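In: Test case, fold it:
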Amino acid sequence: MVGGGIAGLAAATGLAERGVAVTLMEARAELGGRVRAWPVDGGRTMSRGFHAFFRQYYNLRALLRRADPALERLVPLADYPLTLAGGPTDSFARIPRTPPWSILGFVALSPTFRIRDLAGVDVRAAVDLLRVDFPGTYSEQDGTSAAEVLDRLRFPDGARHLALEVFARSFFADPREFSGGELLAMFHTYFLGSAEGLLFDVPDDDYDTALWAPLGRYLARLGVETRCGVRVSEIGPDSGGVRIVHEQGQERADAVVLALDTAALQRLVRDSDGLGDPEWRDRIARLRVAPPFAVGRRWLGRPQPGVPAFLATSGYGPLDNVSRLDAFEAGAAGWAARNDGAVIEVHGYALADPGPVTRARLWAEAERVRPSLAGAPVVAEEWLVEADCPLVDTTPWADRPTVTTPDARVVLAGDLVRCDLPVALMERAASTGWQAANQLLTGWGRRGHTLWSPPTRGLLAR
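Out: Residues are numbered from 1 along each chain as shown. Coordinates of the predicted model:
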C-alpha cells in the first residue's frame, strides 16, 4: 500500500479485513493524506483546512465506523450559510430533504432565487437534471464546463454563485475549467438523488485525533504494518510480484495499491520504467493539477462568538469561506477557553497568485464579512499554500485512469481515479479505495466489500 490518505486507508482496511497481510507506506509523518493534521508550536495543530463530511459520504463513513461504530466523533453543523457580497445569505437548514421537494423547497426558501428570475430558466434543460444516468452522463458532458452548463440552463445571474461556489469551488477549480458532468453529479447527489441534503458533519477534534489515529489503531489490530515517513521512489514487476523501492531499501509484494496525489503518482510512474504500458503511462502524464489554494489560520486573543462555525462566501475577492474552529474542534476550543480567544480560518481556492498580497487580502475580506475580526490580537498564525488536488476538467471522462492498470498486480485509488458512481472528493477517494481492495480480492478468490452511493439514475431517467 503506497499512500496513507483516505483512499489508501480504505484499501488497507478492505484487504486486511479479508485476511490479507498489508504494509502501508506513507511519505508524511501522519496518516490522512490531504485531510491530515499535524502539530505546531504551543500545543496547537494545523491542517489543510476545513472539510465538510456530507451525509452522502456513505463509503467514507463506512470506513470511519471501523474505529467509531456510532460515528460519535462526527458532530453536525446546524447550517451551511452562503453569503453574497452586497446580497443575501442563503441557508440550507430548513430545506426539505426528500427529492424533488428538496430542490423545490430550496427555490421557495432561498432569497437568491426570485420568481421573476426563474421565469428565464430553460425548463427543458432544467428537466434534463432529472434525467441523469451515471456513468453515461459524465461522458455526455465531455468538453462542457460547469459554467457552460449553467449558461445552457439560463441560470439566474444572482443564483449562479450558489452552484459555482458550492460545487465548482469545492474542487479548487475555476468554473470555466470544471467538468459539467461533475456539476450535474453534484446537483443530483445533493438536491435530486438523496435524502440527506446539503447539511454535513465535522470531526469533533483535529483530523488526526478524531479520525486517523483511531483508524490506525484499528488497522494495527488487524495486523497492518504502518510505516510513516517512508517515500516510495520506484515500483516494477518482480518474479510474479511487485518490487517496491524506497528510501530504506527495497522489498517484494504480491500486489500494490497506489493511492497517491496526482503529482506524486506522476513522479512514481515516470521513475518506474517497467510500470504499465505506453498508452497508460501517457494517460497518467496528462493528468492536470488544480490551481493553488491557500489556508490561513489565526489564533486570536479575542472571542468571536458571532462568527459561525462555517460560512461560505461569494464576491469577496479571493475569499471562499471563513471557519471558526473553536466552535467544534475540542483542541481549538480548549485553546480559546484558556486564552479567552478564538481560532479562525480562511480559505482561498483556485488562486492566480497565492502570494503575500493575496494573504493580506484574504484576511481583509474576512474582516469585511465579519467586522469583529478587525483589530483582534493575533497570538499565533499559520499560512499554507498547496497545489496538489486533481483538476476535474472538461477532457473526456473515459480518459481518466481507472482502478485497474495494465498490470493486474498494480491498482490505483484516490479522488483522481475514474468512478462510475455519482461521488466526488473525499467520497470518491474512499470509494475507489474500497474498489481497489475489491479488485485484488476478486483476483485472489476472496469476498469483496459492498459499496453504496446515491442512485445512479435521475427521477426521470429513461
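
In: how about the nearest residue to residue 32, chain neighbours excluded?
Out: Distances taken as Cβ to Cβ, 6 or more residues apart in numbering place residue 212 nearest to residue 32, at 4.3 Å, with adjacent residues excluded. All C-beta spots, glycine's among them, are computed from the backbone N, C-alpha and C.

In: Rounded mean pLDDT for the lengthiest helix in the chain, please.
Out: Taking DSSP state H as the assignment, the helix of the chain that covers the most residues is helix 425-443. For helix 425-443, mean pLDDT is 98.

In: Check which residues of it are buried.
Out: 425-441 (16 or more other Cβ atoms under 10 Å).

In: hang on, the residue nearest to residue 32 in a helix?
Out: Yes. Judged by DSSP: H, G, I helix; E, B strand; the rest coil, residue 212 forms part of a helix.

In: From the structure, what's the count of residues near residue 32?
Out: 25 (other Cβ atoms under 10 Å).

In: Is it correct that it is in contact with residue 3?
Out: No. Residue 32 sits out of contact with residue 3 when judged by Cβ atoms under 8 Å, with a separation of 10.8 Å.

In: From residue 58, how far out is the residue nearest to residue 215 when sequence neighbours are not counted?
Out: Leaving aside its chain neighbours, residue 215 sits nearest to residue 67 (4.6 Å; criterion: Cβ to Cβ, 6+ apart). To residue 58, residue 67 is 17 Å away according to Cβ to Cβ, to the nearest Å.

In: shaky segments in the stretch 101-250 of the chain?
Out: 101-119, 158-159, 161-167 (pLDDT under 70).

In: where along it do the helices fall?
Out: Remark: helices assigned in the stretch 101-250 of the chain by DSSP state H, counting those that start in this stretch are 101-109, 115-118, 123-127, 136-140, 146-153, 157-166, 180-187, 207, 213-221.

In: same thing with the stretch 351-462 of the chain?
Out: Under DSSP H, counting those that start in this stretch, the stretch 351-462 of the chain gives helices at 356-369, 425-443.

In: so what does the last one touch, helix or strand wise?
Out: Judged by 3 or more Cβ pairs under 8 Å, 6 or more residues apart in numbering; DSSP states H and E, the packing partners of helix 425-443 are helix 6-16, helix 58-64, strand 256-258, strand 410-412.

In: Once you drop chain neighbours, what's closest to residue 236?
Out: For residue 236, the spatially nearest residue (Cβ to Cβ, 6+ apart) is residue 274, at 3.8 Å.

In: What is the burial count for that neighbour?
Out: 12.

In: And what about residue 263, helix, strand or coil?
Out: helix.

In: contacting residues for it?
Out: Shown in contact with residue 263 (Cβ atoms under 8 Å, 6 or more residues apart in numbering): 289, 388.

In: Next one, pLDDT for it please.
Out: Residue 263 is given a pLDDT of 97.

In: Tell me which residue lies farthest from the centre of the protein.
Out: residue 239 (37.3 Å; Cα atoms, centre = their mean).

In: residues touching that one, list them.
Out: Listed by Cβ under 8 Å, 6+ apart, the contact set of residue 239 reads residue 252.

In: Quick check: the gap between it and residue 18.
Out: 24 Å.

In: list the contacts for the residue nearest to residue 203 when sequence neighbours are not counted?
Out: Of all residues not flanking residue 203 in the chain, residue 210 sits nearest, at 3.8 Å (Cβ to Cβ, 6+ apart). Going by Cβ under 8 Å, 6+ apart, residue 210 touches 73, 203-204.

In: With respect to residue 234, which of the residues you listed is nearest?
Out: Residue 234 has its nearest neighbour among the contacts of residue 210 in residue 203, at 35.2 Å by Cβ to Cβ.

In: Restrict stretch 123-140 to CA atoms and write it as PDB.
Out: Only the C-alpha atoms of stretch 123-140 are listed here, as PDB (Å, rounded to 0.1, in the frame of the first residue of the first chain):
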ATOM      1  CA  VAL A 123     -37.300  24.500 -18.400                       C
ATOM      2  CA  ARG A 124     -36.400  21.700 -20.900                       C
ATOM      3  CA  ALA A 125     -32.700  21.900 -19.900                       C
ATOM      4  CA  ALA A 126     -33.700  22.000 -16.200                       C
ATOM      5  CA  VAL A 127     -35.800  18.800 -16.600                       C
ATOM      6  CA  ASP A 128     -32.600  17.200 -18.000                       C
ATOM      7  CA  LEU A 129     -31.300  17.400 -14.500                       C
ATOM      8  CA  LEU A 130     -33.800  14.700 -13.600                       C
ATOM      9  CA  ARG A 131     -32.700  12.500 -16.500                       C
ATOM     10  CA  VAL A 132     -29.100  11.900 -15.500                       C
ATOM     11  CA  ASP A 133     -27.900   8.400 -15.700                       C
ATOM     12  CA  PHE A 134     -24.300   7.700 -14.500                       C
ATOM     13  CA  PRO A 135     -21.800   7.000 -15.700                       C
ATOM     14  CA  GLY A 136     -23.200   7.800 -19.100                       C
ATOM     15  CA  THR A 137     -23.900  11.400 -18.100                       C
ATOM     16  CA  TYR A 138     -20.200  12.000 -17.300                       C
ATOM     17  CA  SER A 139     -19.300  11.200 -20.900                       C
ATOM     18  CA  GLU A 140     -22.300  13.000 -22.400                       C
END
